[in-house]
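**Q** after the sequence you'll find the predicted model.
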Amino acid sequence: MQRISRNILRWEWLILLLILPLTFFPPSKWTALLLLLPILLLLRQVATGHFFSQTPYDIAILLLMVMLLVSLYATFDIQLSMPKIAGLYVAVFIFYGAVAFTRQRKHGLWYLLTFFFLVGLGMGGIGLLGTTWPSPFSFLNQIKTFIPLAQTGILGTDSIINPNFLAGALLLIAPLFLAAAIGLTPTLWRNHKLFTVLFASSAIFISGLIVATGSRGGIVSLFISILIMLAIQFKWGKWLLIAAGIGAIGLLIYFQQDITTALAQGIDPIGGIEGRLEIWSRAIYGLQDFPFTGMSMNGFRKVVHILYPLFLISPDSDIGHAHNHLLQAGLDLGLPGLISYLALWFISVGLLWKGWQKKHKPEQQILLVGLCGSFTAGWMFGILDSLGLGERPGFVWWLLLAIMVAVFDDIMKTSASRADNDSANGRLPSSPTLTDAHPQSPTSTPPPSHPLTDSPSNTTQSLDHQPHS
């Protein structure tokens with residue numbers, strides 16, 4: 001039985017890959033498939049002795065799932081809540097499935113990164129056809145006339161994708177995509193020139209779509225994430241970040257009246273700052289009234305008009321979320337759920353910090369810089385908008401967490417390998433040097449190993465491999 005379970009689990013990634021696109025359709029059409037996920041849990045228990053691969057996020061995720069069950073107590077319309085419940089449920093399985101995949105295969109990290117970037121391109125393509133593009137990028141709307149699918153509905157979107165929603169999803173991918181495209185170009189260019197051009201063009205395409213959405217929060221978040229990545233990677237980047245900060249403060253002071261007027265205006269009342277402030281005030285009222293259970297997943301959009309009427313926004317308006325990721329997490333899952341959600345972010349910061357201290361390979365540094373950019377962009381965007389837990393593209397954030405675990409695993413594995421070699425040679429354990437932290441030019445040091453041909457690990461791991469402490 002154990003051998004059979006192991007053989008089935010080798011195809012776990014394919015099962016999750018087939019379920020993933022279904023999350024874009026209404027859950028009523030695929031809810032029965034959710035029963036496959038507990039079966040995978042049982043198979044993993046039989047094969048490895050544990051239900052999930054151990055990660056630093058486990059306790060926070062456990063509390064999050066407990067609060068998902070608790071939120072059912074407050075659920076008043078299961079049809080309304082089911083899409084987000086199923087979305088979060090599947091996303092957690094995708095996270096653990098991705099982590100297990102990277103630990104089972106020699107090139108697992110790079111396979112996952114490739115899939116992550118392909119997801120970004122797929123979402124960008126769907127967004128290109130499903131979004132009504134504002135001026136000055138309205139010419140993109142003409143593309144739909146050449147593709148019949150774009151006129152009949154795309155993956156349950158009714159041919160209309162909110163530009164802010166698209167920007168929020170792509171922001172989790174674009175910074176890491178850009179960092180990888182720029183940082184790995186010298187290595188890739190030697191043997192894969194055409195691939196390098198396509199890779200860099202794809203990163204620019206994703207970033208360009210964020211700008212084209214016209215999402216103010218999205219554009220600012222992307223700009224800040226790029227500045228932070230430059231500040232981490234280069235000494236001059238720190239001065240650029242400081243100069244940009246001083247310049248931004250100066251512009252805010254000089255154009256205070258114009259900026260205030262621009263922020264107050266929006267395509268609709270929800271898009272202006274006054275509308276956001278009113279929504280945030282109602283969200284805070286909701287947290288005060290439902291501190292433990294929350295309003296149920298996706299319940300805020302209905303409850304807000306009944307218990308907390310809005311004055312600036314019409315009662316006929318569909319307010320899909322609280323336009324703040326922290327408030328939305330609390331409304332969906334209560335304050336304990338908010339705490340667990342915050343814990344996931346704080347753990348990510350801790351992994352980035354510890355990984356940066358222990359990194360050895362140039363590609364590890366590149367990925368850490370990109371991850372820092374993606375997490376920064378996601379957090380900044382979530383301050384004025386929200387890509388909430390359980391949303392259709394919300395699995396992208398969980399894939400980002402899985403990449404964080406895979407990169408950290410690779411760093412710890414490299415550190416342990418170097419420590420073992422130093423011990424065998426009778427030397428003190430080595431630590432990352434200044435050269436590791438700031439790689440020299442290719443002319444002064446040997447080129448780094450090719451990320452697509454040289455794996456971060458040297459052996460294929462077993463199903464029950466655990467990360468180094």
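**A** Received the coordinates, thanks. Just so we're clear, the structure is a prediction, and the values are computed from it rather than from any experiment.

**Q** who's in contact with stretch 77-84?
**A** Contact with stretch 77-84 is made by 26-28, 31, 71, 75, 296-299, 301-302, 332, 388-392, as judged by CB atoms under 8 Å, 6 or more residues apart in numbering. (Each C-beta comes from the backbone N, C-alpha and C, glycine too.)

**Q** can you flag the buried ones in the residues you listed?
**A** 27, 71, 75, 296-299, 301-302, 332, 388-392 (16 or more other CB atoms under 10 Å).

**Q** relative to residue 239, which of those residues is nearest.
**A** residue 388 (36.7 Å; CB to CB).

**Q** which helix or strand contains that closest one?
**A** Per DSSP states H and E: residue 388 is located in neither a helix nor a strand.

**Q** return the residues in contact with it.
**A** 84, 321, 325, 328, 329, 332, 394.

**Q** now with 10 Å, please.
**A** Residues in contact with residue 388 (CB atoms under 10 Å, 6 or more residues apart in numbering) are 84, 87-88, 168, 297-298, 300, 320-322, 324-325, 327-329, 331-332, 341, 382, 394, 397.

**Q** those residues in strands, which ones?
**A** Counting by DSSP state E, the contacts of residue 388 place none of their members in strands.

**Q** restricted to helices, list those residues.
**A** Filtering these for membership in helices, criterion DSSP state H, returns 84, 87-88, 168, 300, 325, 327-329, 331-332, 341, 382, 397.

**Q** got these as CSV, with distance to residue 192 columns?
**A** Output for the ones in helices among the contacts of residue 388, formatted as CSV (distance: CB to CB, whole Å):
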residue, distance to residue 192
84, 41
87, 36
88, 38
168, 32
300, 48
325, 38
327, 45
328, 42
329, 41
331, 47
332, 44
341, 39
382, 36
397, 30
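
**Q** quick one: least confident helix or strand in this structure?
**A** helix 434-437 (a mean of 40; mean pLDDT, DSSP states H and E).

**Q** list the contacts of residue 34.
**A** Per CB under 10 Å, 6+ apart, neighbours of residue 34: 19, 22, 27, 85, 86, 89, 90, 93.

**Q** what about the nearest residue to residue 315 once chain neighbours are set aside, how many residues close to it?
**A** Excluding the flanking residues, the one nearest residue 315 by CB to CB, 6 or more residues apart in numbering is residue 305, at 4.9 Å. Residue 305: 18 surrounding residues under other CB atoms under 10 Å.

**Q** and the helix or strand where residue 305 lies, how far out from the chain middle?
**A** Residue 305 belongs to helix 300-307 when assigned by DSSP H and E. With CA atoms, centre = their mean, to the nearest Å as the basis, helix 300-307 stands 28 Å off its chain's centre.

**Q** pLDDT averaged over it - what is it?
**A** What helix 300-307 shows for mean pLDDT is 90.

**Q** report all helices and strands that that helix contacts.
**A** helix 273-289, helix 325-358 (3 or more CB pairs under 10 Å, 6 or more residues apart in numbering; DSSP states H and E).

**Q** give me the buried stretch members for the last one, please.
**A** Taking 16+ other CB under 10 Å as the basis for neighbour counts, the residues of helix 325-358 that come out buried are 325-341, 343-345, 347-348, 351-352, 355-356, 358.

**Q** then the shortest one?
**A** With burial defined by 16+ other CB under 10 Å, the residues of helix 273-289 counted as buried are 275, 276, 278, 279, 282, 283, 284, 286, 287.

**Q** show me where the stretch 151-300 of the chain has its helices.
**A** Assigned by DSSP state H, counting those that start in this stretch, the stretch 151-300 of the chain shows helices spanning 163-171, 174-183, 185-191, 193-212, 216-233, 235-254, 256-264, 273-289, 300-307.

**Q** please identify the most buried of those helices.
**A** helix 163-171 (a mean of 26; mean count of other CB atoms under 10 Å).

**Q** tell me which stretches of the stretch 351-469 of the chain form helices.
**A** 362-384, 395-424, 434-437.

**Q** quick one: closest of those helices to residue 107.
**A** Nearest of the helices of the stretch 351-469 of the chain (CB to CB): helix 395-424, 11.0 Å.

**Q** which helices and strands does the closest one pack with?
**A** helix 78-104, helix 108-130, helix 163-171, helix 325-358, helix 362-384.

**Q** and of the ones you listed, who's closest to residue 416?
**A** Nearest of the helices and strands packed on helix 395-424 to residue 416, taken as CB to CB: helix 325-358 at 9.9 Å.

**Q** what helices and strands are in contact with that closest one?
**A** Short answer (3+ CB pairs under 10 Å, 6+ apart): helix 325-358 packs on helix 58-74, helix 78-104, helix 273-289, helix 300-307, helix 362-384, helix 395-424, helix 434-437.

**Q** show me the shaky parts of the stretch 101-250 of the chain.
**A** The model of the stretch 101-250 of the chain has pLDDT under 70 over residues 148-159.

**Q** centroid residue for the chain?
**A** Among the residues of the chain, the one closest to the centroid is residue 397, at 2.5 Å (CA atoms, centre = their mean).

**Q** does residue 33 touch residue 19 like I think?
**A** Yes - assessed by CB atoms under 10 Å, residue 33 is found in contact with residue 19 at 5.9 Å.

**Q** tell me which of the helices of the stretch 351-469 of the chain sits most buried.
**A** helix 362-384 (a mean of 24).

**Q** could you export the helices of the stretch 351-469 of the chain as a markdown table, including distance to residue 63?
**A** Below are those laid out as a markdown table (distance: least, CB to CB, whole Å):
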| stretch | distance to residue 63 |
| --- | --- |
| helix 362-384 | 20 |
| helix 395-424 | 15 |
| helix 434-437 | 35 |
